[in-house]
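Quick one, what's the 3D model for this:
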Amino acid sequence: WVAPNGTTVNQIDHIAIQKRFINSIKDVRTYRGADCDSDHFMVVARMNIKLKKMNRGNHEKMNFCVSNFNDMGTRERYVTAIETRIAQEPTEEVQGSVNENWKDIREAIHEVSRSTLNKRRKKNKCWFNEACTAKVEERKAAKLRWLDDGGNETIKQEYYRIRRETQRFIRRTKREYYNSLIREAEDDFTHHRSRQMYQNLKRATKGYTRRETFVKDQQGNVITNQDEIAKRR
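Numbers count the residues shown, from 1 in each chain. Sure thing, here's the model as predicted:
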């Protein structure tokens, strides 16, 4: 940890582990160059531990991009492939149990979907663009200059200035992105595009958790009324 004066450095960060796993830690070191926008240095431990493997079966999760059906050509290819694939199945009226028949149909749908549709890719932090990356790299370079010459007040103040600018820029970029999602959701609601509206709302509210305040009275009962909570405090 580096004190606000930029010169005092103390070891106050440690890695805690249960006694039964104490022999699994092989190495612990500090990385000064890791930029996490903090006055603490990153502490990393190398561990060698044997964990029990959980056998959850060999079930592949299918997550296809169904929005491709909006393209007429893709839709026609999918329908043709499904009809061809099902036509290859035996035509006897009774093939087996209901579960076996459903298994054959499901495999046919998955096989055609893999060859026709693309898998939906997970997107993380769509708002973090190239400009944000450039700002973070600039902050990282300023931090390294400050670490190399911590006694230089000019370099220190320059790093703090770049750090503040980077924080403001990233917050503004994130806020603009979520505002655009809200505007798109409003437009989808106006034009009765419910699917797109709920998708935008889901992206806008992902990761948000409402903060709940629980206060107990003298008898140990949970108080939910705001007036009673204020009196209790």
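
can you count the residues close to Ala204?
The local packing of Ala204 (other CB atoms under 10 Å) involves 16 other residues. For the C-beta atoms, the positions are set from N, CA and C on the backbone; glycine is no exception.

Report the contact partners of it.
Tyr178, Leu181, Ile182, Ala185 (CB atoms under 8 Å, 6 or more residues apart in numbering).

hmm, 7 Å instead?
Each residue near Ala204 by CB atoms under 7 Å, 6 or more residues apart in numbering is listed here: Tyr178, Leu181, Ile182.

Is it possible to mark the buried ones in these?
Buried residues within those, defined by neighbour count using 16 or more other CB atoms under 10 Å: Leu181.

Let's see which of the contacts of Ala204 end up in helices.
Tyr178, Leu181, Ile182 (DSSP state H).

Can you name the residues that contact the second one?
What it means is Leu181. If you count contacts by CB under 7 Å, 6+ apart, then Leu181 has Asn200, Arg203, Ala204 around it.

Show me how far the one helix or strand Asp187 maps to is from its chain's centre.
Using DSSP states H and E, Asp187 maps to helix 153-190. Chain-centre distance of helix 153-190: 18 Å, with CA atoms, centre = their mean, to the nearest Å.

tell me which residues in the next helix or strand after it are buried?
Using DSSP H and E, the helix or strand that follows helix 153-190 in sequence is helix 194-205. Residues Met197, Gln199, Asn200, Leu201, Arg203, Ala204 are the ones in helix 194-205 that count as buried (16+ other CB under 10 Å).

circling back: any idea of the angle the helix holding Asp187 forms with helix 194-205?
Between helix 153-190 and helix 194-205, the angle comes out at 160 degrees (axes from the mean of the first three to the mean of the last three CA atoms, to 10 degrees).

Wasn't Val28 part of a helix?
No. Assigned with DSSP: H, G, I helix; E, B strand; the rest coil, Val28 falls outside any helix and is strand.

what's the burial count for the closest residue to it other than its chain neighbours?
Spatial nearest neighbour of Val28, excluding adjacent residues (CB to CB, 6 or more residues apart in numbering): Ala45 at 4.7 Å. Neighbours of Ala45 under the rule other CB under 10 Å: 12.

cool, and Ile162?
Ile162 has 19 nearby residues by other CB under 10 Å.

residue contacts, it?
So Ile162 contacts Glu138, Arg139, Ala142 (CB under 7 Å, 6+ apart).

Okay, helices next: where are they in this protein?
72-87, 98-116, 130-148, 153-190, 194-205, 226-232.

between the first one and helix 98-116, how many degrees?
The one in question is helix 72-87. Going by the same axes, to 10 degrees, helix 72-87 makes 140 degrees with helix 98-116.

How far off centre is stretch 46-56?
24 Å.

Now that stretch: average pLDDT?
Averaged across stretch 46-56, pLDDT comes to 75.

Can you report how many residues lie near the closest residue to Glu176 other than its chain neighbours?
Excluding the flanking residues, the one nearest Glu176 by CB to CB, 6+ apart is Trp127, at 7.6 Å. The number of residues packed around Trp127, counting by other CB under 10 Å, is 14.
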